[in-house]
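In: give me a 3D structure for the following:
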Amino acid sequence: PYAPAELDQILAVLRTLLRIQETVLAVNRAYIDSAAQADATRTEPPFLLQGSYRNTNKIAARLVPVMNDTETEALLDGHYRAEAQTLTGGAEANLLKLAELRGRLTPVQARRWAEIKRTWRTG
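Out: This next block holds a predicted model:
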């Protein structure tokens with residue numbers, strides 16, 4: 001027996017959690033695909049960001065019912081930016097790959113990502 005306003009907040013959080021879960025699962029798929037690929041056949045740097053229930057929990061802990069799409073995307077950006085800091089030299093490539101996975105590459109980022117992949121192939 002929730003009040004309509006409370007029910008709206010609960011449903012908003014659940015919708016946002018599903019969006020976050022989609023991103024985390026896409027990251028996990030890319031991580032597994034990258035780990036399974038032989039270095040000799042790689043066309044881009046290894047993808048080392050991970051998607052797990054721990055990532056989901058960390059992000060979910062920072063959710064609030066009134067978050068809009070822009071704020072949710074910023075939450076995901078911030079989480080994975082912090083995760084990428086531990087990658088040292090691979091941080092830029094991994095964040096660009098993440099943006100590609102999320103369909104959020106800007107034209108400038110797309111050019112940089114293409115340049116990194118081209119350099120990676122030519123060694």
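
In: contact partners for T43?
Out: Counting by C-beta atoms under 8 Å, 6 or more residues apart in numbering, T43 touches K117, W120, R121. The way it works is simple: take the backbone N, C-alpha and C, and place the C-beta from them, glycine included.

In: so what's the second one scoring on pLDDT?
Out: So that's W120. For W120, the model assigns a pLDDT of 88.

In: quick check: longest helix of this protein.
Out: Longest helix of the chain, by residue count under DSSP state H: helix 4-36.

In: so how far is the helix or strand just after it from its chain's centroid?
Out: In the C-terminal direction, the helix or strand that comes right after helix 4-36 (DSSP states H and E) is helix 53-60. With C-alpha atoms, centre = their mean, to the nearest Å as the basis, helix 53-60 stands 12 Å off its chain's centre.

In: check stretch 49-67 too.
Out: Averaging C-alpha positions (C-alpha atoms, centre = their mean) puts stretch 49-67 11 Å from its chain's average.

In: what's the answer for stretch 15-25, then?
Out: From the chain centre to the centre of stretch 15-25 is a distance of 10 Å (C-alpha atoms, centre = their mean).

In: ok, and the most crowded of the contacts of T43?
Out: Most neighbours among the contacts of T43, by other C-beta atoms under 10 Å: K117, with 17 neighbours.

In: pick out the residue nearest the middle of the protein.
Out: Nearest to the mean C-alpha position of the chain, counting by C-alpha atoms, centre = their mean, stands L98 at 5.0 Å.

In: what's next to the helix or strand containing that residue, contact-wise?
Out: Assessed by DSSP H and E, L98 sits inside helix 91-101. Contact with helix 91-101 is made by 23, 26-27, 30, 44-45, 47-49, 80-81, 84-85, 87, 105-106, 109-110, 112-113, 116, 120, as judged by C-beta under 8 Å, 6+ apart.
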